[in-house]
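>>> Sequence and predicted model, in that order:
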Amino acid sequence: MIKAKFGDRIDGFVHRVFPFLFTRRLDPTLLTIAGAAVSVGAAAAIARGHLRTGGVLVLVGGFFDLVDGVVARHQGTSTTFGAFLDSTLDRLVDMALLLGIALHFAAAGRTDLVLLTGVVLIASVLVSYAKARAEQFVPVFEGGALERGERIGLLAAGAILGFLVPALWILALGGLYTVAQRFRMAYLQMEALDAAAELRRRLGGEPGAEEHP
């Protein structure tokens, strides 16, 4: 939701607020990897019970994830592999953070909250996977109630401010709702594509006008 509304303004925002990123040449790939490494460190901190530290590290990792693409576009060094690496490491970070939360609750003997975290993990993977698969068939596939930015922000806020369990409930219910949204979006768009293809096939298979004097 945030990305859909403000995605086209992010570059300008980052340029205004973090001008130091553009005073020297930075490697966007290293920024991507650094962000993932910090976020995995956040997962480890959360697993050990250091929730606030983990939450702060999640935000730091999110900062790297926000600016790497902006830096690449500024330098004119955006690549297909860079986009692939960024997307793949995002999935690693998502799963690592939720695994860290599950381990934290397991150590506390809260099987119910481990299960809740597992539901969030499944929903998060499905939200991302549905988008990745749909984009193989439709040119533009955006939208949904809880995209990655919202999910990471809720996890960080929950860990730092002490409402991690309510945040997980929001992520579980919102994530499942987003999966349903994306399935519906995919169905409607792919049905339209199939209908257009069938129409072209029928028109292409009809005899030409010259055969009907």
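Now that the structure is in, tell me what you want to look at.
>>> and the closest residue to Gly41 other than its chain neighbours, how many neighbours does it have?
The shortest distance from Gly41 to any non-neighbouring residue, by C-beta to C-beta, 6 or more residues apart in numbering, is to Leu57 (5.6 Å). From N, CA and C alone the C-beta is placed, and that goes for glycine too. Leu57 has 23 neighbouring residues, counting by other C-beta atoms under 10 Å.
>>> Check Gly149 too.
Quick note: Gly149 (other C-beta under 10 Å) scores 16 neighbours.
>>> three-state assignment of it?
For Gly149, the secondary-structure state derived from DSSP: H, G, I helix; E, B strand; the rest coil is helix.
>>> ok, now how distant is the nearest residue to Leu103 once chain neighbours are set aside from Gly109?
Distances taken as C-beta to C-beta, 6+ apart place Ala47 nearest to Leu103, at 4.0 Å, with adjacent residues excluded. Per C-beta to C-beta, to the nearest Å, Ala47 is found 15 Å from Gly109.
>>> higher neighbour count, the two?
Using other C-beta under 10 Å, the more surrounded residue of Ala47 and Gly109 is Ala47, with 20 against 9.
>>> Leu97: what's it in contact with?
Residues near Leu97 by C-beta atoms under 8 Å, 6 or more residues apart in numbering: 39, 42-43, 46, 58, 152, 155.
>>> and the helix ranked longest in the chain, what other elements does it pack with?
If you go by DSSP state H, the chain has its longest helix at helix 164-205. Counting contacts by 3 or more C-beta pairs under 8 Å, 6 or more residues apart in numbering; DSSP states H and E, helix 164-205 packs against helix 111-134, helix 148-161.
>>> any idea of the mean pLDDT for it?
Mean pLDDT, helix 164-205: 93.
>>> So which helix or strand of the chain has the lowest pLDDT on average?
helix 2-6 (a mean of 52; mean pLDDT, DSSP states H and E).
>>> what number of residues lie near Val40?
Using other C-beta under 10 Å: Val40 sits among 19 other residues.
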